[in-house]
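Novice: Everything below, folded, please.
(2 chains)
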Amino acid sequence: MQQATEAGSSPPARPLVALSDARMAFGAVRALDGVSLTIQPGECVGLIGHNGAGKSTAVNVINGGLTPTGGSVEYSLPDGGTGTGAAAARAAGIRSVFQELSLCPNLTVEETIRVPHHDLSGFGWRKTARKRISEALDRIFPGHGIETGATVGDLSLAERQMVEIAAGFAEGKMAVRLVILDEPTSSLDAAVARQLLAYVRTFCSAGGAVIFISHMLGEVFEVASRIDVMKDGKIIASRPASEFTQQSLIDAMGHVASTQAEAATRADAENRLGEEVLTTPEGLSARRGEIVGLAGLAGHGQAEALARFFMSRSAGMRHTKAPEVTFVAGDRGRDGVLPLWSILQNLTLTTLPSLLRNGLVDRSAEDGLGKDWKQKIGIRTDNMSNPILSLSGGNQQKVLFARSLASTAPIVVMDDPMRGVDVGTKQEAYDMIRREAEAGRTFLWYSTETDEIVQCDRAFVFRNGQISAELVGDDISEENILAASFEMHEEAS
Amino acid sequence: MSGRYRILLPILSLAVLLAAVFYLQPRAMSYFGLNLLFNLAVPIALATIAQMMIIMVNDIDLSIGTFVSFVACVTATFLNETPLLGAGILLLSIMVYAAMGALIHIRQLPAIVVTLGMSFVWAGLAVLLLPSPGGASPGWIRTLMTVKPPFVPMAVVACILIAAVTHLLIMRSATGTLLRAVGGNTQAVLRAGWSVTKLKAGAYALAGLFGVLAGMCLVGLTTSADANIALRYTLLSIAGVILGGGEFVGGRISPVGAVIGALTLSLAGSFLSFMRLSPDWQIGAQGAILILVLAVRLVFARNGNRWKEAKNG
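Specialist: Below you'll find the predicted structure:
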């Protein structure tokens, strides 16, 4: 570890931020389960982990955005004291650069810095802002070619990310001491990413600290002095970067999944699968009766690939009694449940065209269908005309499954449907999917959980919007999925 | 459409309309003519700015018309007879606006519903104050509205002044930038440690302030008030903001554009009178002008996107 060279932090090893046994629970979900870590000046910590390992929560706890439900977070302030809470985090010079862009598209480049920099006000603030952002841009990305007067919304995605990173490192009233970079290179090209990595190294050797989150392991190794591996809301390994290899990192992230149960269904896969029923330009393909998984880290283009495929097969003005594809939503609130409708109405939405008699909905046929599916998949309600929101999340999801499965569509697209569903319901849903696949239905299943992907007949792993690996049969294992989700080799440059 | 060229279209629409008016009625091309043309545009411009403050934070105000009517009634009665009490009432009404903004944010209520509800409150209060048209304008407002500056008529000077002041306030000042940021990305503002409740309350208070100014101006021009005097301002102000290059969401607004939009809409009225169209048709014709301008803007925006894709792709 380098010595702290920054003026003001006189005792040599006073951590910038110290988490001790930090816990964070969202309802029943424990996102952080007792995390202790300290960040010293001059350190660059690589934070890695699979989906849902708790990285984002950890970041939000560190930057003061979330108050932990247990344990403590302490910041050392420039004046020598310590503090807790979001204001202290700002005073301690902690900045975050988030993966999902957090700029205001309607402001200009120089104006965006007004939002994080509270001290910019009064006459001449614009000049100061321009100086801060353009200095930071020049320092980190020499030759960037971004005008400070340009509107953010008019910039390309890469330029926006550069502005966001520069705003994180820009000098302000409080000296920048710790910058959290969450997937900072996701939309940068290789040359620009290299500039950033070089800058992170200079920044750290000058006494600053960085938390670096990336799915590109090569980059993590290049900048990190220490690597912390997270899994299930805990830090399970924290060692100097030199003690890890890319393979040992992948091993540390994973856990031995029990795959015996699924092997049985795969055994008969060969005589179950039929002819190929779909191929997409990205390279997705599926056969009749096949369960195809879309894996990889969240937000790497799986949902978009599903949406594109679904729209290409279903867009059109006409209702049809026999849709080609149906969709099971994962984000129930956004694209699944109709909150004001009853359970029955929610269930029969897709099948309405086949329930018509003289242009009106045949109530008795609808009731029959509802009764049928209530029993088939066990929706826990005494009356199907109760509002859908009276059901638990898991049961709402069952209704969405029933909505799709009740149709005659040969292909079912599922966008991470088990999100926030209890274990019991999950098991029932897995059985149901398997039964339907045996009956000849094809499933495209995006899931962020490896346990679900290993149940598939075939899996496509996505990285940066592209398929990085196709795994079949017994090759679908946690290690292989992880290896394909993280970029192992440094890009040739 | 890029921010820098956003203002061109409103200027162009105003110029075309103005040219058409001058062509139909050359006598309008004078000091007196211009003042007549744009006189009643001043309160509309102020109300449009008020609406813009609300649209800036991704909300919409359906009560601005009745609010301006209410203010006009207060101005023609209390402010005239007991100025101190009148000023107090107006100040209080601005605070009500601020409270409305805070409430809308804290309870996450739809602004459209809250302001619609408030519009009935303002309308009711206005009727209580002036059940029949009446009252009188305070002398100083009347003097202010009928002042005759050299060369350029008062209406034009006032509009330029309104545009300049609000441009400085919203587009240039640090606080204005923060307010626009709320419209652009509320989450980012919240995460940077700002109180969005306070910012929204501030935006609504500004809307209240400009609504009050609109009502006072209106009474200065008409010399008396009526509970229904400014009902059509609600739709005119929304149309003015959009016509001036603003957008309903995303904090993309332009104060200069909004003033020009208000001028264009009030000029449209005069234009149609010069065409000897009955006033009954005017609202519809104004709508037609709005649709036309928005259609042109859409075409520009499409082309702009195509350029951007070509550049970045």
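Novice: Three-state assignment for the residue in chain A that chain B sits nearest to, please.
Specialist: Proximity of chain A to chain B (C-beta to the nearest C-beta) peaks at residue A:104, 3.0 Å away. Glycine gets a C-beta too; all of them are placed from N, C-alpha and C. Secondary structure assignment for residue A:104 (DSSP: H, G, I helix; E, B strand; the rest coil): coil.
Novice: what residues are up against it?
Specialist: A:111, A:112, A:115, A:152, B:180, B:181, B:183, B:184, B:185, B:188, B:189, B:251 (C-beta atoms under 8 Å, 6 or more residues apart in numbering or on different chains).
Novice: Just give the number of residues close to the residue of the stretch 151-300 of chain B found nearest chain A.
Specialist: Going by C-beta to the nearest C-beta, chain A is nearest to residue B:184 of the stretch 151-300 of chain B, at 3.0 Å. Neighbourhood size, residue B:184 [other C-beta atoms under 10 Å in any protein chain shown]: 27.
Novice: Would you check how far apart it and residue A:108 are?
Specialist: 11 Å (C-beta to C-beta, to the nearest Å).
Novice: Could you find the residue nearest the spatial middle of chain A?
Specialist: Geometric centre of chain A, nearest residue: residue A:298, 3.6 Å, by C-alpha atoms, centre = their mean.
Novice: What parts of the stretch 51-200 of chain A come near chain B?
Specialist: Remark: the part of the stretch 51-200 of chain A in contact with chain B comprises A:65, A:86-87, A:90, A:96, A:102-108, A:111-112, A:114-116, A:118, A:120-122, A:125-126, A:151, A:153-154, A:156-157, using C-beta under 8 Å from any C-beta of the partner chain.
Novice: Give the buried residues for stretch B:166-176.
Specialist: Neighbour counts over stretch B:166-176 (16 or more other C-beta atoms under 10 Å in any protein chain shown) mark B:166, B:167, B:169, B:170, B:173, B:174, B:175, B:176 as buried.
Novice: And for stretch A:120-134?
Specialist: A:120, A:125, A:126, A:128, A:129, A:130, A:132, A:133, A:134.
Novice: pLDDT weak spots in chain A?
Specialist: A:1-13, A:27-29, A:99-101, A:255-272, A:315-319, A:420, A:488-493 (pLDDT under 70).
Novice: on that earlier part again, filter the buried residues of stretch B:166-176 down to the ones in helices?
Specialist: B:166, B:174, B:175, B:176 (DSSP state H).
Novice: From what I see, the last one and residue B:167 are in contact.
Specialist: By that I understand residue B:176. No: the criterion here is C-beta atoms under 8 Å, and residue B:176 misses it with residue B:167 at 9.1 Å.
Novice: still on that earlier bit, of the buried residues of stretch A:120-134, which belong to strands?
Specialist: Assigned to strands by DSSP state E, none of the buried residues of stretch A:120-134 qualify.
Novice: just checking, which of those residues belong to helices?
Specialist: A:125, A:126, A:128, A:129, A:130, A:132, A:133, A:134.
Novice: Output the residues you listed in TSV, with distance to residue A:362 appended to each entry.
Specialist: Formatted as TSV, those follow (distance: C-beta to C-beta, whole Å):
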residue	distance to residue A:362
A:125	67
A:126	66
A:128	70
A:129	65
A:130	67
A:132	67
A:133	64
A:134	68
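Novice: In space, what's closest to the residue of chain A closest to chain B - neighbours in sequence excluded?
Specialist: residue B:184 (3.0 Å; C-beta to C-beta, 6 or more residues apart in numbering or on different chains).
Novice: Touching, that neighbour and residue A:111? I think so.
Specialist: No: under the criterion of C-beta under 8 Å, residue B:184 is not in contact with residue A:111, lying 9.5 Å apart.
Novice: rewinding a little: nearest to residue A:441, of the ones in helices among the buried residues of stretch A:120-134?
Specialist: If you rank these by distance to residue A:441 using C-beta to C-beta, residue A:133 comes first, at 53.6 Å.
Novice: who touches the nearest residue to the closest one once chain neighbours are set aside in this structure?
Specialist: Closest residue to residue A:133 apart from its sequence neighbours, by C-beta to C-beta, 6+ apart: residue A:113 at 5.0 Å. By C-beta under 8 Å, 6+ apart, residue A:113 lies in contact with A:120, A:129, A:132, A:133, A:167, A:170.
Novice: My reading is that residue B:18 is in a helix; is that accurate?
Specialist: Yes: counting by three-state DSSP, residue B:18 is part of a helix.
Novice: so it touches residue B:268, yeah?
Specialist: No: in this structure, residue B:18 is not within contact of residue B:268 by C-beta under 8 Å, at 10.8 Å.
Novice: Of these two, give the one with the bigger neighbour count.
Specialist: residue B:268 (23 against 18).
Novice: Kindly indicate whether the more buried one is helix, strand or coil.
Specialist: helix.
Novice: Low-confidence ranges, chain B, go.
Specialist: If you take pLDDT under 70 as the line, chain B has these spans: B:1-5, B:304-313.
Novice: ok, how many other residues are close to the nearest residue to residue A:276 once chain neighbours are set aside?
Specialist: Spatially, and ignoring its direct neighbours in sequence, residue A:276 is nearest to residue A:287 (5.1 Å; C-beta to C-beta, 6+ apart). Neighbours of residue A:287 under the rule other C-beta under 10 Å: 17.
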